[in-house]
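J.: here is my input, please return the structure:
(one chain, ligands or ions: 1)
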Amino acid sequence: MELRDLTIRTIAEGMRKKTFSAEEVVSAYCATIRRKDAGLHCYLEVFEEYALNEARRLDGSVDAFSDLPPLWGAPIAIKDNMLLEGMHASSASKVLEPYVASYDATAVSRLKKAGAIIIGRTNMDEFAMGSSTENSVCGPTKNPHDPARVPGGSSGGSAAAVAADLAVAALGSDTGGSIRQPASFCGVVGLKPTYGAVSRFGLMAMASSLDQIGPLAKNVDDARLLFDAIKGGDEYDATAVADAPRPDVAGERLRIGLPREYFGAGLDDDIKAVVMGAVKKLELLGHSVKEISLPMSEYALATYYIIMPAEVSANLARYDGIRYGHSAQNAETLFDVYAKSRAEGFGAETKRRVMLGTYILSHGYYDAYYLKAQKVRRRIQDDFRRAFEGVDCIVGPTSPTPAFAFGERTADPLKMYLADIYTVAVNLAGLPALSQNAGFVERGDSRLPVGIQTIAPWFGEERIFSIAGQLERELI
Ligand code: GLN
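T.: The predicted structure follows:
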């Protein structure tokens, strides 16, 4: 059996029928990683020994289970900002190079409980800040569809690993698009859950009011299995909720809204054509499609780039050269330890955001920037609330372009930030959204994946899975 044909579901089935063992599955993935990952650089570390031991442990205990848990034997990669006890976790930063996790992130321990095997930690933009994985201190990941192009970011290693069959699925984190945009660039499924649907305990905080852990998978069914395994309340994260009122999956005829603002200037024509082709299929399935307006959309990126760095500057204050990771050796005073450890440990984009955030929160500017941005954030939420009175879900492109070339946007941060123009509003509003492949466009000799994004009301993941599943069946 080819790894390409394996999914979380087929792996668990194979185990149940004893077609193959967990050890065989893990060995096959490790062999493929050894063969392919030098060229792609999806992984910062492969937990080969750990994963093989886990696999043997599962294989040894298999008789005890009449009903295997849903992720049984599935080799899953985790982004390098999530903790697995006893293993390094660095957020692809020099500051955390020596750091070893002393406990499991809740999402990770839930994966383990469901029978998954954590196979390694994947590359990312430093502290999840970026849209291309070029901000990793370890060097970028390459897009499996064209190694001259970025995989997207910041969960680029996770998305590329799934696309290249170096893991059956992976976890990423999404603060402004970091699951959906790389999913779009690599042609896989990526879900950013509702804020509060998945515990953030053990996820290195970037911007706490926006961060969510979510799955990257080969298909909608696998994404759903992963989400179901990791979701729910957690005594270690007060924002994670067990029981939220969920909108119903909604009837067979859904009302789909296409926001005018997501199809305007800046969107590549052929991306628009691919997305509209997928929308047409949804219409043919009996769903109704209408244009809607999210008038505050034009302020989403600006609002995000005020609120996010403000929270980043507060969250990253903990990396002081004393409590975690890298500590400067040549420091004479305590202040020197802080200043030098941070100067040596953080990369350029991280420093830019810490400085921006500190400025935004400083006396005299707080009202003008931070408070104002919070007010606009509320208006953005209101936009969605109003829209969902007339439609069941919102559909549009995930990113305005396909994967871009290395170096194309690194010189101009604003250009890089534009890659998230259609994803950040969802985080500001705390909504769930999924990106899946809708087709391909050509750039030079390359055939590049195009993502389509489905947004639902708060805790409407089931509705998303339903519509995304229908679309997937039509597109295959
Ligand atoms: N690309 C966006 C940024 O740079 C989003 C990052 C993320 O979702 N972690 O902030």
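J.: quick check, stretch 69-81 touching the ligand?
T.: No - Stretch 69-81 is not in contact with the ligand by C-beta under 6 Å from any ligand atom; minimum separation 8.9 Å. Where C-beta positions appear, they are placed from N, C-alpha and C, glycine not excepted.
J.: endpoints of that stretch, how far apart?
T.: 26 Å (C-alpha to C-alpha, to the nearest Å).
J.: could you give the mean pLDDT of that stretch?
T.: The pLDDT scores in stretch 69-81 average 97.
J.: just checking, residue 394 is part of a strand?
T.: Yes - counting by DSSP: H, G, I helix; E, B strand; the rest coil, residue 394 is part of a strand.
J.: residues contacting it?
T.: 256, 257, 258, 259, 292, 294, 384, 387, 388, 454, 455, 456 (C-beta atoms under 8 Å, 6 or more residues apart in numbering).
J.: residues contacting residue 233?
T.: Residues in contact with residue 233 (C-beta under 8 Å, 6+ apart) are 199, 240, 241, 242, 243.
J.: scratch that, residue 442 is what I was asking about
T.: Applying C-beta under 8 Å, 6+ apart, we find residue 442 in contact with 270, 448.
J.: center of the chain - which residue?
T.: Geometric centre of the chain, nearest residue: residue 179, 2.2 Å, by C-alpha atoms, centre = their mean.
J.: so of the contacts of residue 394, which ones are in helices?
T.: Counting by DSSP state H, the part of the contacts of residue 394 found in helices is 384, 387, 388.
J.: run a quick neighbour tally on the first one.
T.: The tally of other residues near residue 384 (other C-beta atoms under 10 Å) stands at 21.
J.: any idea how many residues pack against the closest residue to it other than its chain neighbours?
T.: Computed as C-beta to C-beta, 6 or more residues apart in numbering, the closest residue to residue 384 that is not its neighbour in sequence is residue 429, at 4.9 Å. Using other C-beta under 10 Å, residue 429 has 24 neighbouring residues.
J.: what distance do you get for residue 429 to the ligand?
T.: Distance, residue 429 to the ligand, by C-beta to the nearest ligand atom, to the nearest Å: 14 Å.
J.: now residue 5
T.: The value you get for residue 5 to the ligand, if C-beta to the nearest ligand atom is used, is 31 Å.
J.: so who does that residue touch?
T.: Residue 5 touches nothing, counting by C-beta under 8 Å, 6+ apart.
J.: same check on residue 86?
T.: Residue 86 is in contact with 100, 101, counting by C-beta under 8 Å, 6+ apart.
J.: residues from the chain in reach of the ligand?
T.: Residues of the chain lying close to the ligand by C-beta under 6 Å from any ligand atom are 128-131, 154, 174-178, 206, 308, 420.
J.: got a list of what the residue nearest to residue 384 touches?
T.: If you count contacts by C-beta under 8 Å, 6+ apart, residue 429 has them with 377, 380, 381, 383, 384.
J.: what is the helix or strand hosting the third one packed up against?
T.: Element membership for residue 381, per DSSP states H and E: helix 372-390. Under the contact criterion of 3 or more C-beta pairs under 8 Å, 6 or more residues apart in numbering; DSSP states H and E, the helices and strands touching helix 372-390 comprise strand 255-259, strand 288-292, helix 300-315, strand 393-397, helix 424-429.
J.: in CSV: those, plus mean pLDDT and distance to residue 219.
T.: Output for these, formatted as CSV (pLDDT from 0 to 100; distance: least, C-beta to C-beta, whole Å):
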stretch, mean pLDDT, distance to residue 219
strand 255-259, 97, 21
strand 288-292, 98, 24
helix 300-315, 98, 29
strand 393-397, 98, 18
helix 424-429, 98, 21
